[in-house]
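1. quick one, structure for this:
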Amino acid sequence: MTKEASLAAEESARANFTEAVRLHGLGRLDEAEPLYRAVLAHAPGQAHSLYNLGLLRRARGDHEGAITLWRTCLTHNPDHIVAGNAMGKALSMFGRLAEALAAFDATLQVAPRNIDALNCRGNILARIGRHAEALECYEQVVSLDPDYTLAVVNRANVLGTLGRAEEAVAAYRAGLRVAPDNAEIQGAKLFQQLQICDWSEYQVSSDLIVGLLSQGVAADLPFTLLAHCDAPVTQIAAANLHLKTRFPVPLRKLWSGEAYAHDRIRVAYVSADFRNHAVAHLIAGLFERHDRDRFEISAYALGPRVEDKKRARIRAAFPVFHDVAETGDLEVAQMIRAAEADIVVDLTGFTANCRPGIFAHRPAPIQINYLGHPGTMGRGLLDYVLGDGVVIPPGAEAGFGEQVIRLPHSYQVNDRDRVIAPRTPTRSEAGLPGDGFVFVCFNANYKINPPVFDVWMRLLLQTPGSVLWLLGGREAAVRNLRSEARARGVDPNRLIFAPKAAPEDHLARHRLADLFLDTLPYNAHTTASDALWTGLPLVTCVGRTFAARVAASLLQAAGLPELITKDLAAYEALALALARDPERLAALKAKLAAGLATAPLFDTDLSRRHIEAAYTIAWERHQRGEPPAAFDVPA
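-> Numbering: from 1, shown residues only. Have a look, this model is predicted:
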């Protein structure tokens, strides 16, 4: 090529690039792409064209194409920091965390003080459980730029994960000073305050969050919202906003209508909680009892990776058990699709270590929300939610993005093989007084709030010699709860805090209590079935949302509907009446004990049959070409 021809080609490439950028900025992607391609035909390693073409591909939803282009850009231009960070973020969104971490590490080799890469590296480390290292990344960013809001908030998030709630709250407050309009801080701050029973801003914060959500502002996560909001319309708004934020563009769908014809219905269970966890305590028996002649089951275990007795038991129940803690969302979805799962069941929802990206890839014809998240996953992600007529009564369907399947008794499966330690500790060993009525609530601290605590304190004042037995573990929560008791005229020493114990020992110590007091709007769930399984009656107040109606569902299925109340005044009156009437309480305990062997709540095999019936009906409807639609499973 002559010098003149070379200069002309160079000028043409510059003109093509300039015009491509102009068209790209106008959103005319189909016209911009061939111009970028023309530039690359002249100069295959041209950094800006490769990077911009990756942006164009991402805008069209072709994330894999974008990643390939950015990787090519970095091959030719290893110091292109923006392409490296973009690739790392895309890989992270797909759950390809090891590759994403390598991408950010490569950027930091070139630019050690790049705050975007440092912050994103911290996010990856946090997602794979390396929280202390994540904190170091965020603190390095904040030291470089104290006003970098993302890192300020992420630092607070990881402090909360590390159990350093007081520091997390202080960090969130610092974040609000830097970015007072950053709505997501509001929900995160309130949840950490609830973890330590710091109610100094409870109502103001809750009202602010609910108001922002009603305006379409993502001010709280769907799970943490459950602890302070009992409005179905707000909960589905939070779920929809979260999905929109997490998946701003649609992900590639893996199942697109292919027909399966299997001898057995293939059910894939996906969970982060195949370990010593409340969900595993409930569901292990179901896995062991599944009808293997009709169902082919498999497990996909998300992180964290914990090899304990519960994990070993669950692993043994599955013919196929995949550990996918470090496998990307797309790859997990591809595994489920390759296995031709007919039904995939999400047992984690929006709780810790959730991976909704797996389901956003639509790996199976039918996708079901069950057990882990007591509420909706929003519209468009999953097809069905398993509930019952109490947690999702007729007329409540508008609060769910999924179609509702109602099981005939309680939605909650229980494991009737759960072991209670044969020896009951003495009251003295448990730190309880030798005499006096023992009210108990072993719910997590974040479920306790001022209106419920007000009732509890009035019960103590009206029941001489009584104590309230709560879970311990967080020094700040113990300190704050005792302070709140004192403020309500109750001797703080009447609050007794139970240390952590092995599951069978924890169940055994329930025998020392007289009456379990529930919380609202986030009820006792596994903790309620724990109490009932040990023969301990529970008083609940039913609310409007799934999370606020679970204990009522359990009591109904245990044969004790008389312990369900409709408002906090009735809840308080019933608890006080039972505390003052030993014979009535003893009769309730006797009724509960006599019914344990036959109550639907603890009939694992009955629950198994109903859940399998739900799967079968959903699958048969799908086979007939019918879209997902609500239905009740017959008793």
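2. for the residue nearest to residue 315 when sequence neighbours are not counted, grab the count of nearby residues.
-> For residue 315, ignoring the flanking residues on the chain, the nearest one in space by C-beta to C-beta, 6 or more residues apart in numbering is residue 321 at 4.8 Å. Using the backbone N, CA and C atoms, a C-beta is placed for each residue, glycine as well. Other residues near residue 321 number 17, with proximity taken as other C-beta atoms under 10 Å.
3. doesn't residue 321 lie inside a strand?
-> Yes - according to DSSP: H, G, I helix; E, B strand; the rest coil, the state of residue 321 is that of a strand.
4. residues in contact with it?
-> Neighbouring residues of residue 321 by C-beta atoms under 8 Å, 6 or more residues apart in numbering: 298, 299, 301, 314, 315.
5. give me the pLDDT for it.
-> As predicted, residue 321 sits at a pLDDT of 98.
6. how close does it get to residue 268?
-> Distance, residue 321 to residue 268, using C-beta to C-beta, to the nearest Å: 11 Å.
7. mutual contacts of those two, please.
-> With contacts defined as C-beta under 8 Å, 6+ apart, the residues adjacent to both residue 321 and residue 268 are 298, 299.
8. so which helix or strand of this protein has the lowest pLDDT on average?
-> Evaluated with mean pLDDT, DSSP states H and E, the helix-and-strand set of the chain has its lowest mean pLDDT in helix 3-25, which scores a mean of 77.
9. for the helix or strand following that helix, the averaged confidence score.
-> The helix or strand immediately downstream of helix 3-25 is helix 29-42, counting by DSSP states H and E. Mean pLDDT, computed over helix 29-42, is 87.
10. what's in contact with the helix or strand just after helix 29-42?
-> Helices and strands here follow DSSP H and E; after helix 29-42, the next one along the chain is helix 47-59. Applying C-beta under 8 Å, 6+ apart, the contact partners of helix 47-59 are 17, 20-21, 24, 29, 32-33, 36-37, 39-40, 43, 63, 65-67, 69-70, 72-73, 76-77, 80, 82-83, 86-87, 90, 249.
11. list the buried ones in helix 47-59?
-> By neighbour count, and taking 16 or more other C-beta atoms under 10 Å as the criterion, the buried residues in helix 47-59 are 47, 48, 49, 50, 51, 52, 53, 54, 55, 56, 57, 58.
12. show me what counts as buried in stretch 511-521.
-> Applying a neighbour-count criterion of 16+ other C-beta under 10 Å, the buried positions in stretch 511-521 are 512, 513, 514, 515, 516, 517, 518, 519, 520, 521.
13. my read is that the fifth one contacts residue 438, right?
-> This points to residue 516. No - taking contacts as C-beta atoms under 8 Å, residue 516 lies outside contact range of residue 438: 9.9 Å.
14. quick one: mean pLDDT over stretch 137-152.
-> Confidence over stretch 137-152, taken as the mean pLDDT, stands at 95.
15. ok, residue 343 touching residue 266?
-> Yes - at 7.2 Å, residue 343 counts as touching residue 266 under the criterion of C-beta under 8 Å.
16. of the two, who's got more company?
-> Neighbours per residue, other C-beta under 10 Å: of residue 343 and residue 266, the larger number sits with residue 343, 24 against 21.
17. where in this protein is pLDDT low?
-> Where the chain drops to pLDDT under 70, the residues are 1-9.
18. give me the domain ranges for it.
-> Each structural domain of the chain that the record assigns through automatic domain parsing is listed here as a residue range: 1-112, 269-407, 438-602.
19. make JSON lines from those and add distance to residue 256 to it.
-> Compiled in JSON lines, the domains of the chain are given as follows (distance: least, C-beta to C-beta, whole Å):
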{"stretch": "domain 1-112", "distance to residue 256": "14"}
{"stretch": "domain 269-407", "distance to residue 256": "8"}
{"stretch": "domain 438-602", "distance to residue 256": "31"}
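20. out of those, flag the one nearest residue 611.
-> Closest to residue 611 of these, according to C-beta to C-beta: domain 269-407, at 6.7 Å.
21. mind checking the SS state of the nearest residue to residue 507 once chain neighbours are set aside?
-> Of all residues not flanking residue 507 in the chain, residue 420 sits nearest, at 4.3 Å (C-beta to C-beta, 6+ apart). The three-state assignment at residue 420 reads coil, by three-state DSSP.
22. go ahead and confirm residue 420 touches residue 508.
-> Yes - contact between residue 420 and residue 508 holds when scored by C-beta under 8 Å: they sit 5.4 Å apart.
23. need the residues touching each of the two.
-> By C-beta under 8 Å, 6+ apart, the residues touching both residue 420 and residue 508 are residue 534.
24. from residue 128, how far off is the residue nearest the centre of the chain?
-> Averaging the C-alpha coordinates of the chain gives a centre point, and the residue nearest to it by C-alpha atoms, centre = their mean is residue 351 (1.3 Å). Taking C-beta to C-beta as the measure, residue 351 and residue 128 are separated by 17 Å.
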